[in-house]
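Asks: just the structure for this:
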Amino acid sequence: MQTDREYFEKIRKCTVRFYTLDDENKSVEACFVYDSVYDLFDCSIGTKTPILSDDFVDNFKYTFESVPDDYTVDFIIKCKDSESFTESQLEEIFRSNIELQALRTFSMTKRKVRLSYALIFTGLILLVATLFIEKFWVNGGFSKKVFSYVIDIATTVTIWEAMNILLVDMKEQRRYLKNIRKRFHSIRFKCE
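Replies: This is a model prediction of the structure:
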């Protein structure tokens, strides 16, 4: 059986193959290379400040997932064509997008929590309905059994989905926000 230390050393060795690790400062350098600055943006959305593309955001999230948890991440974005953007403008666009994404994630989290509470409440009502059906519907025969099974399944599904939202989805979103807050160290744009 592998010890935790051996396991983490194995992860570290694997990470070294993909990223530049600085063990002294506990940081990782992640470099993304794009042909044009517009490859970073979702150009189909007409906003004053460009919106980062979903692909870029996914790569950004993936980087946090693929490096050791106790390391911070320094991002370097290399673009062959800056399309008249300065490096400082790109950094500001990036920071604005991360702020927007954090606000969106926070608002989605609040909505999902409300939804999960509504599902729990619905599940409890269905559970009480099941108890009443079992107790007061005396001569139902086959139709009582079918109705009882349907209500039982609906109860299980609503409570299951609520718990999934609260325990799984929320943890992923909180982890992403925590990664941005604690592990995101810097971003630098290098345009040629």
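Asks: residues contacting the residue of the chain positioned farthest from its centre?
Replies: Distance from the centre of the chain peaks at residue 139, with 50.6 Å (Cα atoms, centre = their mean). Listed by Cβ atoms under 8 Å, 6 or more residues apart in numbering, residue 139 has no contact partners. Just so you know, the C-beta spots here come from the backbone N, C-alpha and C atoms, and that holds for glycine as well.
Asks: and it, backbone torsions?
Replies: The phi/psi pair for residue 139 (degrees, to the nearest 10) reads phi -110, psi 60.
Asks: give me the pLDDT value at it.
Replies: Note on residue 139: pLDDT of 81.
Asks: the one 3 residues further on now?
Replies: Reported pLDDT at residue 142 in the predicted model: 84.
Asks: okay, and it sits in which element?
Replies: Taking DSSP states H and E as the criterion, residue 142 maps to helix 141-164.
Asks: where does the protein have low pLDDT?
Replies: The chain contains residues with pLDDT under 70 at 1.
Asks: grab the longest helix from it for me.
Replies: helix 87-136 (DSSP state H).
Asks: report all helices and strands that that helix contacts.
Replies: With contacts taken as 3 or more Cβ pairs under 8 Å, 6 or more residues apart in numbering; DSSP states H and E, helix 87-136 sits against strand 72-81, helix 141-164, helix 170-178, strand 184-191.
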